[in-house]
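Participant: Just to be clear, the model below is a prediction. Sequence and coordinates:
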Amino acid sequence: QSALTQPPSVSGSPGQSVAISCTGTSSDVGAYKDVSWYQQHPGKVPKLIIHDVNKRPSGVPDRFSGSKSGNTASLTISGLQADDEADYYCCSYAGSPYVFGTGTKVTVL
Amino acid sequence: EVQLVESGGGLVQPGGSLRLTCAASGLTFSSYWMSWVRQAPGKGLEWVANIRQDGGENFFVDSVRGRFTISRDNAKNSLYLQMHSLRAEDTAVYYCATIAVAQSFFDYWGQGTLVTVSS
């Protein structure tokens, strides 16, 4: 049950795109379609933004997109906006436990 | 509107016990797997435990197995986390969360309750 690996930080200017990787193993990310992503602003509750690798809940802008290849999932934020500055966590189902990623801080320059 | 409200957090000495409660409203509580997720100060999210809709099955992260128990009372729309033998590394905000029906992601989250383990 080791945490999934994410880059500690990524940054971009408004309007640019950034991508966050989430690397697991063949027992979690590589084994299941159940990869989700959560956005957390400072002092706030995590918010679901992507589930089932690439599905967006109602109300989440289509600027947020997800993908997966092998043991690595990715979140892409297009058209970066100031409000996108937050921490982002991936999460994978892993049989019966769940495992979160280490988290990535997105900075809007 | 779905609401999950955690309570029961506080300061406890190492080796002590604490019971967290999550009161749910605005949803058919008995239809959901429920989870506890925690976040140590300044750290990332960590899944802690799950419990099935009828309470008949549960799972724990290795670091708490044998020390924590999870339970629920569907008649009271409530989820519980009983924590024993608490350690400094259990210090965190504890969130309760629903697992979306027939899915494997956390769709609703409570505001969290802070547990501090310190002498």
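Facilitator: Nice, thanks for sending it over.
Participant: can you pull out the strands in chain A?
Facilitator: Counting by DSSP state E, chain A has strands at residues A:9-12, A:18-23, A:35-40, A:47-50, A:64-69, A:72-77, A:86-93, A:98-100, A:104-108.
Participant: Figure out which of these is closest to B:Ser85.
Facilitator: strand A:98-100 (23.1 Å; Cβ to Cβ). For the C-beta atoms, the positions are set from N, CA and C on the backbone; glycine is no exception.
Participant: Now do the closest one: which elements does it pack against?
Facilitator: strand A:86-93, strand B:45-51 (3 or more Cβ pairs under 8 Å, 6 or more residues apart in numbering or on different chains; DSSP states H and E).
Participant: out of the ones you listed, deepest packed?
Facilitator: Here the criterion is mean neighbour count by mean count of other Cβ atoms under 10 Å in any protein chain shown, and of those the winner is strand A:86-93, at a mean of 25.
Participant: Please compute how far that one lies from its chain's middle.
Facilitator: With Cα atoms, centre = their mean, to the nearest Å as the basis, strand A:86-93 stands 5 Å off its chain's centre.
Participant: got a list of what the spatially most central residue of chain B touches?
Facilitator: In chain B, the residue lying closest to the centroid (Cα atoms, centre = their mean) is B:Trp36, at 2.9 Å. Residues in contact with B:Trp36 (Cβ atoms under 8 Å, 6 or more residues apart in numbering or on different chains) are B:Leu20, B:Cys22, B:Trp47, B:Val48, B:Ala49, B:Ile70, B:Leu79, B:Leu81, B:Tyr94, B:Tyr95, B:Cys96, B:Ala97.
Participant: Ramachandran angles for the residue of chain A most remote from its centre?
Facilitator: Most distant residue from the mean C-alpha position of chain A: A:Ser96, 20.5 Å away (Cα atoms, centre = their mean). Here is the backbone geometry of A:Ser96 (degrees, to the nearest 10): phi -130, psi -40.
Participant: I figured it hits B:Asn50, correct?
Facilitator: Yes: shown here, A:Ser96 and B:Asn50 form a contact pair, counting by Cβ atoms under 8 Å, at 7.5 Å.
Participant: so what sits against both of these two?
Facilitator: B:Phe59.
Participant: quick one on the thing from earlier: got a list of what the residue farthest from the centre of chain A touches?
Facilitator: B:Asn50, B:Phe59.
Participant: give me that answer again for 10 Å
Facilitator: B:Asn50, B:Glu57, B:Asn58, B:Phe59, B:Phe60 (Cβ atoms under 10 Å, 6 or more residues apart in numbering or on different chains).
Participant: swap in B:Val101?
Facilitator: Contacts of B:Val101 (Cβ under 10 Å, 6+ apart): B:Leu27, B:Thr28, B:Ser31, B:Tyr32, B:Trp33, B:Gln53, B:Asp107.
Participant: ok, the second one - how many residues close by?
Facilitator: Right, the one you point to is B:Thr28. The local packing of B:Thr28 (other Cβ atoms under 10 Å in any protein chain shown) involves 11 other residues.
Participant: Equivalent analysis for B:Gly44, please.
Facilitator: Neighbour count of B:Gly44, defined by other Cβ under 10 Å: 17.
Participant: Isn't B:Gly55 up against B:Ile70?
Facilitator: Yes: under the criterion of Cβ atoms under 10 Å, B:Gly55 makes contact with B:Ile70 at 8.6 Å.
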